[in-house]
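Participant: Please work out how this folds:
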Amino acid sequence: MFFSATSTVVFDPHHAGTVYSADWFGVYRTRDIGTLWTKWETLSKGHEEVVALTGAAPPEGAPLFTGVADVIGFRHMDVNASPAMRLEMSSMRELVSVDYHEANPQYVAFIGSDDWYGTVTRMFVSSNNGQTLEARPVPVGSKLGRLAYSATDLNTILWFPQSGSPVRTTDRGATWEAMTGAPTGTVGGSMIFSYNHPVAADRVNGSKFYAYKSGYLHVSSDAGQSWSIANQTPLPGGSPVKVEAAPGMEGVLWISLGANGLYASANSGSSFTKLDQIKEARLFAFGKAAPGQTQPAAFIYGEAGGLKGIFRSDDMGSTWIQINSPQMQIGNEPQVMVADRQEYGKVYIGTNGRGFMAGAKD
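Facilitator: Numbers count the residues shown, from 1 in each chain. This is a model prediction of the structure:
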């Protein structure tokens, strides 16, 4: 039976045998309720009563991958149309992390679970931009978490689970090994509803990775074999945490710390500068550069210049413009932001119950 949290069952008084049912996944109909084996069809299309967990926007191929609660997630070839099918991942239901190989985005990695608790955590990899997927084993005791895919090495992927020790693979998930000095407990939370994204791969140097914990950025320059703390002066803390490396700019990364603002580093985290215009940065993301620019566009959801909303910068945070209006707000606890790497000015925001929303430059 596919129903879950069923709220309504209605018999159609005008058509014998027709019954409608609704649950938190949508609305269903059968025309043969009196038969032994009834056939049900979904009547919902583009249903947005879903909780966003993660997302990724590769520079080539599908412009967007989304991970959501209960119905896995999707490969979006056209973000203005409902995907014809979900990502096919055995019995997995919760997709909590996705990352891609920068140099060749045909290669993508996914982590998820069969339930909210990570009881059976699963990994899948793809070599054709998510069109087909291959299952990979995971270490015993490792649950949920975040992935980071090397920018240049097709086989190196790092995994920081919510439960279990950080590990890396150098054969696309066939085997795993421990990493010396990697911080544990970076992601936090005991279920899929953790919205910290504290792990990132440098988008230029395929041997460089970043992981943030409790004010300190840990850096590996040998593809995850060993780690050390980069910044001797700690950042102020805050949540939710997100670390993201700027495309095309080795060693350039930002860290958002919720009400404590947004911090930028140009030297792989050895030092940070607070972006003073940004009072609050709940979410941020890097996207395709503006025409004539080489630096990526940046987006935040938070507070800038005394205003709350969604903002874009085309000059790496020197100036910001608000791109939403008072009539266009994002409700239901925005939790995920990814910016399009193929179309300038487009950004995606995932919510805690209204699905993903796309905003584009006029």
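Participant: going forward, measure contacts and count neighbours with C-alpha atoms only.
Facilitator: Fine.
Participant: Next, the contact list for the residue nearest the centre of the chain, please.
Facilitator: If you average the C-alpha coordinates of the chain and look for the closest C-alpha using CA atoms, centre = their mean, you land on residue 54, 2.4 Å from that point. Contact criterion CA atoms under 8 Å, 6 or more residues apart in numbering gives 66-68, 95-98, 336, 350 as the residues in contact with residue 54.
Participant: tell me, how many neighbours does residue 233 end up with?
Facilitator: Other residues near residue 233 come to 11 when the count uses other CA atoms under 10 Å.
Participant: Low-confidence stretches in the stretch 1-150 of the chain?
Facilitator: Within the stretch 1-150 of the chain, the ranges that satisfy pLDDT under 70 run 1-2, 46-48.
Participant: need the strands for it, in chain order.
Facilitator: In the stretch 1-150 of the chain, the segments counted as strands under DSSP state E, counting those that start in this stretch are 8-11, 19-23, 26-30, 40-42, 52-56, 64-68, 73-76, 94-100, 108-113, 121-126, 134-136, 146-149.
Participant: Any chance of TSV for those strands, columns distance to residue 357?
Facilitator: As requested, the strands of the stretch 1-150 of the chain are arranged in TSV below (distance: least, CA to CA, whole Å):
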stretch	distance to residue 357
strand 8-11	28
strand 19-23	22
strand 26-30	19
strand 40-42	22
strand 52-56	10
strand 64-68	11
strand 73-76	13
strand 94-100	18
strand 108-113	22
strand 121-126	25
strand 134-136	29
strand 146-149	22
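Participant: show me the residues around the residue nearest to residue 124 when sequence neighbours are not counted that make contact.
Facilitator: Here the nearest residue to residue 124 in space, its sequence neighbours aside, is residue 135; by CA to CA, 6 or more residues apart in numbering that works out to 4.4 Å. Counting by CA under 8 Å, 6+ apart, residue 135 touches 89, 122-125.
Participant: What of residue 329?
Facilitator: With contacts defined as CA under 8 Å, 6+ apart, the neighbours of residue 329 are residue 309.
Participant: ok so, going back, top of the contacts of residue 54 by number of neighbours, please.
Facilitator: Within these, most neighbours by other CA under 10 Å means residue 95, with 33 neighbours.
Participant: Wait, that one touches residue 74, no?
Facilitator: No - at 9.5 Å, residue 95 and residue 74 do not qualify as touching, with contact defined as CA atoms under 8 Å.
Participant: At which residues are the strands of the stretch 251-362 of the chain located?
Facilitator: For the stretch 251-362 of the chain, strands defined by DSSP E, counting those that start in this stretch occupy the ranges 253-257, 262-265, 273-274, 278-287, 297-304, 307-313, 321-322, 336-339, 347-350, 356-359.
Participant: and among the ones you listed, the most buried is which?
Facilitator: Among the strands of the stretch 251-362 of the chain, judged by mean count of other CA atoms under 10 Å, the one packed with the most neighbours on average is strand 336-339 (a mean of 28).
Participant: Show residues contacting that strand.
Facilitator: Strand 336-339 is touched from outside by 52-57, 195, 283-288, 298-299, 346-351, with contacts defined as CA under 8 Å, 6+ apart.
Participant: before we move on, what about stretch 103-114?
Facilitator: Here stretch 103-114 makes contact (CA under 8 Å, 6+ apart) with 58-61, 72, 91-101, 118-130, 143-147, 149, 151-152, 154.
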